[in-house]
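**Student:** build me a structure from this.
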Amino acid sequence: QLHLVESGGGLVQPGESLTLSCVTSGTSLDFYAMGWFRQAPGEEREGISCLDHSGGGTYYADSVKGRFTITRDTAKRTAYLQMNNLKAEDSGSYFCAAALFESGREMCLEKRGINFWGQGTQVTVSS
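**Tutor:** Got it, this is the predicted structure:
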């Protein structure tokens with residue numbers, strides 16, 4: 001079992017930055033792909049950034065490429081999402097997820113193999 005807890009959301013102005021954290025507990029992260037998903041009110045939950053289970057590859061949705069960076073610190077059992085130059089359309093609930101032995105691309109695009117979800121953290125970008 002893996003327990004995921006997100007934090008770091010908040011209210012920011014356009015152009016500002018936020019770093020989301022996903023602290024895990026339970027089984028080892030070594031074989032899990034980690035990802036961040038965003039859901040706006042009335043919309044589907046979409047994968048915006050995912051990291052291969054090997055840690056060697058990443059996927060970013062076109063809407064966040066060049067602005068967001070996903071990382072993982074296995075010693076701290078934590079995944080991060082650094083979000084720069086935030087835009088109003090980045091607003092939504094952000095969920096951390098873990099998928100056993102998955103690639104980041106499939107995890108984000110298909111939600112394939114996702115075994116565990118966090119409870120979400122809210123990000124609001126508004127002037």
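
**Student:** what is the burial count for Lys76?
**Tutor:** 12 (other Cβ atoms under 10 Å). No exception for glycine: its C-beta is placed from N, CA and C like everyone else's.

**Student:** could you do Gly15 as well?
**Tutor:** 11.

**Student:** check the gap between it and Asn85 for me.
**Tutor:** Gly15 sits 6 Å away from Asn85, going by Cβ to Cβ, to the nearest Å.

**Student:** beta-bridge partners for the most centrally placed residue in the chain, please?
**Tutor:** The centre of the chain sits closest to Trp36, judged by Cα atoms, centre = their mean, with a distance of 1.7 Å. Note on Trp36: beta-bridge partners Ser49, Cys96, judged by DSSP bridges.

**Student:** could you list the paired strands of the helix or strand that contains Thr24 along with their orientation?
**Tutor:** Per DSSP states H and E, Thr24 falls inside strand 18-26. Sheet pairing of strand 18-26 (DSSP bridges) gives strand 2-7 (antiparallel), strand 78-83 (antiparallel).
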